[in-house]
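*Asks:* Kindly return the folded structure for what I paste below:
(chains A, B, C and D)
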Protein chains: 4
Amino acid sequence: MKFEAKIRVQYYETDSMGIVHHSNYIRYFETARTEMMREAGFPYDAMEKAGVWMPVLSVTAEYKMPALYDEVISVFCWAEKLRGASIDLAYEVRGEDGRLCATGRSSHGFTDPDLKPLRMKKVQPEMYEFFSSMTEEE
Amino acid sequence: MKFEAKIRVQYYETDSMGIVHHSNYIRYFETARTEMMREAGFPYDAMEKAGVWMPVLSVTAEYKMPALYDEVISVFCWAEKLRGASIDLAYEVRGEDGRLCATGRSSHGFTDPDLKPLRMKKVQPEMYEFFSSMTEEE
Amino acid sequence: MKFEAKIRVQYYETDSMGIVHHSNYIRYFETARTEMMREAGFPYDAMEKAGVWMPVLSVTAEYKMPALYDEVISVFCWAEKLRGASIDLAYEVRGEDGRLCATGRSSHGFTDPDLKPLRMKKVQPEMYEFFSSMTEEE
Amino acid sequence: MKFEAKIRVQYYETDSMGIVHHSNYIRYFETARTEMMREAGFPYDAMEKAGVWMPVLSVTAEYKMPALYDEVISVFCWAEKLRGASIDLAYEVRGEDGRLCATGRSSHGFTDPDLKPLRMKKVQPEMYEFFSSMTEEE
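*Replies:* Numbers count the residues shown, from 1 in each chain, chains lettered A, B, ... in the order given. Now for the predicted structure:
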């Protein structure tokens, strides 16, 4: 199941080339995954308050076609691989006309506020279940 | 005395108009005042660790001429008015050729981490003295 | 008439104080005014293509209470004063619970792509009419 | 040869976790490569004026240890692989104490302003030579 977040491209996200600056896709990915988790019942701020952090371990983005000012892009997000204390998410950014603007991936650890790894299955079984079911569907 | 911070304009700070996005001047102001305080012996992170915060109460910017990608702008910063628990700073942004790009002001409270006002003169007499001497010079 | 834009606070907009970085309110203002103009039938990119720019001449913000990660803030925007070749807009940012987070103002010129002033009434009478009607209602 | 750019971490680049937001490393990479090219005699704005663009095709970042507010990080940049119409750059971000904060890579095409590929060797032989010599040294 691919979650879809719709995001309006802002003027301050464009650069002199007249297109979205490439660093902002990394932020769009974050917006999409937090929306996805909120929808699933695990808003990120509640998780942080519960002592579960999901620091980004790595991120990649491949740029295909520029996203443009003012268009409402679709950022699709889904779980690719779930491990005991980490998860890989994948992304696809599409323009209003459906063209593929970018793809990407991010890996996240599950940690406590001191960035020590947490066994998700034990600490947050429901959330683990959610991610697990998402991954199986792929 | 006007402190001068030199800042290289980054590509990601420009927008579709091919100039620095206006919101970034507010960030340049911050860079200049933190440089100024570091030079004066009061680096902001040391202050935060000592329990003194300087939240922004208000900010203004007037835009004269656009700053451009890759130029090294000069951001001048100085104290305009010191009060018991707050201070007004002023800014001037100039391009490499000396043209005036922007002017601005920011007001800051002196507070503890819970954002309760602090009497600067009492809590940080040396820092108060520094700001005081700066203000008198104007 | 106050236009209301709803904006979800993003993680990358917060800072070490755990609140929205003050520079981002300037961006929220921009988001609100572009939403307002789109609703009114004058999307900013169409205006730019038609040769009408609205560069920011000045901006002010007063910070009252911090906006927090993940809350959906309301950014109200309205026209305060319309002149022949410029306009003043005002803003109010409120948290999910209605508390006042910030107020602000921005002034904009109406110019051509070379930043030369345009007589709005002549060049874009419908848009002038829209702003005019908004201002009268105040 | 690894080029080293020194960058002061700004307050607005931190997030609620009290560390640099992961998206900003992508911007640090850009700062480092533009500094490197300026030093080599190919400032990016001169290149754009000469009709040579270097759009980002892909970017990756691996996060090791957080960079902190106010520290002066070192961002190392070097060429990894040069092809006829594209180049791979690599990055390493280190904290003031030398700890490894992040590594990364970016791929860039050489294009004209319409984003059509350019044969670098032909269009900008000196620049091609520079990148070529950098790559050989590896």
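*Asks:* Return the residues of chain A in contact with chain B.
*Replies:* With C-beta under 8 Å from any C-beta of the partner chain as the criterion, chain A meets chain B at residues A:Tyr11, A:Tyr12, A:Thr14, A:Asp15, A:Ser16, A:Gly18, A:His21, A:Ser23, A:Tyr69. In this view, the C-beta of every residue, glycine as well, is placed from N, C-alpha and C.
*Asks:* Between those residues, which sits nearest chain D?
*Replies:* A:Ser23 (4.1 Å; C-beta to the nearest C-beta).
*Asks:* give the contact list for the closest one.
*Replies:* Contact analysis of A:Ser23 by C-beta atoms under 8 Å, 6 or more residues apart in numbering or on different chains lists B:Tyr12, D:Ser23, D:Asn24, D:Ile26, D:Arg27, D:Glu30.
*Asks:* out of those, who has the most neighbours?
*Replies:* Tallying neighbours with other C-beta atoms under 10 Å in any protein chain shown puts D:Ile26 at the head of the contacts of A:Ser23, with 26 neighbours.
*Asks:* For the host helix or strand of that residue, the averaged confidence score.
*Replies:* Using DSSP states H and E, D:Ile26 maps to helix D:23-39. The average of the pLDDT scores along helix D:23-39 is 97.
*Asks:* Kindly spell out which helices and strands sit in contact with the helix or strand that that helix is followed by.
*Replies:* Proceeding N to C from helix D:23-39, the next assigned helix or strand is helix D:44-49, under DSSP H and E. Where contact means 3 or more C-beta pairs under 8 Å, 6 or more residues apart in numbering or on different chains; DSSP states H and E, helix D:44-49 is packed against helix D:23-39.
*Asks:* So which bits of the helix it packs on are buried?
*Replies:* Under the neighbour-count criterion of 16 or more other C-beta atoms under 10 Å in any protein chain shown, helix D:23-39 has D:23-37 buried.
*Asks:* Out of the contacts of A:Ser23, name the two that are farthest from one another.
*Replies:* Greatest spatial distance among the contacts of A:Ser23 (C-beta to C-beta): D:Ser23 and D:Glu30, at 11.6 Å.
*Asks:* ok so, going back, how far is the helix holding D:Ile26 from where the chain is centred?
*Replies:* With C-alpha atoms, centre = their mean, to the nearest Å as the basis, helix D:23-39 stands 4 Å off its chain's centre.
*Asks:* Can you flag the buried ones in the residues of chain A next to chain B?
*Replies:* Buried, going by 16+ other C-beta under 10 Å: A:Tyr11, A:Tyr12, A:Thr14, A:Asp15, A:Ser16, A:His21, A:Ser23, A:Tyr69, out of the residues of chain A next to chain B.
*Asks:* taking those one by one, which sit in helices?
*Replies:* Members of these lying in helices (criterion: DSSP state H): A:Ser23.
*Asks:* what's the closest of the buried ones among the residues of chain A next to chain B to B:Glu129?
*Replies:* A:Tyr12 (39.1 Å).
*Asks:* which residues does that closest one contact?
*Replies:* Going by C-beta under 8 Å, 6+ apart, A:Tyr12 touches B:Asp15, B:His21, B:Ser23, C:Arg27, C:Glu30.
*Asks:* Could you verify my assumption that the fourth one touches A:Gln10?
*Replies:* The reference is to C:Arg27. Yes. C:Arg27 is within contact range of A:Gln10, at 6.9 Å (criterion: C-beta atoms under 8 Å).
*Asks:* Could you find the closest non-adjacent residue to the residue positioned nearest the centre of chain A?
*Replies:* In chain A, the centroid-proximal residue (C-alpha atoms, centre = their mean) is A:Arg33; its distance is 3.1 Å. With sequence-adjacent residues excluded and distances taken as C-beta to C-beta, 6 or more residues apart in numbering or on different chains, A:Arg33 is closest to A:Cys77, at 5.2 Å.
*Asks:* Count residues in the vicinity of the one you found, would you?
*Replies:* Neighbours of A:Cys77 under the rule other C-beta under 10 Å: 26.
*Asks:* from the chain's centre, how far out does stretch A:17-31 sit?
*Replies:* With C-alpha atoms, centre = their mean as the basis, stretch A:17-31 stands 13 Å off its chain's centre.
*Asks:* buried sites along the worst-scoring helix or strand of chain A on mean pLDDT?
*Replies:* One helix or strand of chain A scores below all others by mean pLDDT, DSSP states H and E: helix A:125-137, with a mean of 84. For helix A:125-137, the neighbour count (16+ other C-beta under 10 Å) marks A:Met127, A:Tyr128, A:Phe130, A:Phe131, A:Ser132, A:Met134, A:Thr135 as buried.
*Asks:* Am I right that the fifth one is in contact with A:Lys81?
*Replies:* No. Applying C-beta under 8 Å as the test, A:Ser132 and A:Lys81 come out as separate, 10.8 Å apart.
*Asks:* returning to that earlier point: thought the residue nearest to A:Arg33 was touching A:Met37?
*Replies:* No. Counting by C-beta under 8 Å, A:Cys77 stays clear of A:Met37, with 9.3 Å between them.
*Asks:* Excluding residues flanking it in the chain, which one is nearest A:Met134?
*Replies:* A:Ala79 is the one closest to A:Met134 (C-beta to C-beta, 6+ apart), at 4.1 Å.
*Asks:* Show the contacting residues for that neighbour.
*Replies:* Each residue near A:Ala79 by C-beta under 8 Å, 6+ apart is listed here: A:Ile87, A:Asp88, A:Leu89, A:Ala90, A:Phe131, A:Met134, A:Thr135, A:Glu138.
*Asks:* cutoff 10 Å now
*Replies:* Residues near A:Ala79 by C-beta atoms under 10 Å, 6 or more residues apart in numbering or on different chains: A:1-3, A:33, A:36, A:87-90, A:130-138.
*Asks:* next one: A:Glu129
*Replies:* A:Met120, A:Lys121.
*Asks:* how about 8 Å then?
*Replies:* Taking C-beta under 8 Å, 6+ apart as the test, A:Glu129 contacts no residue whatsoever.
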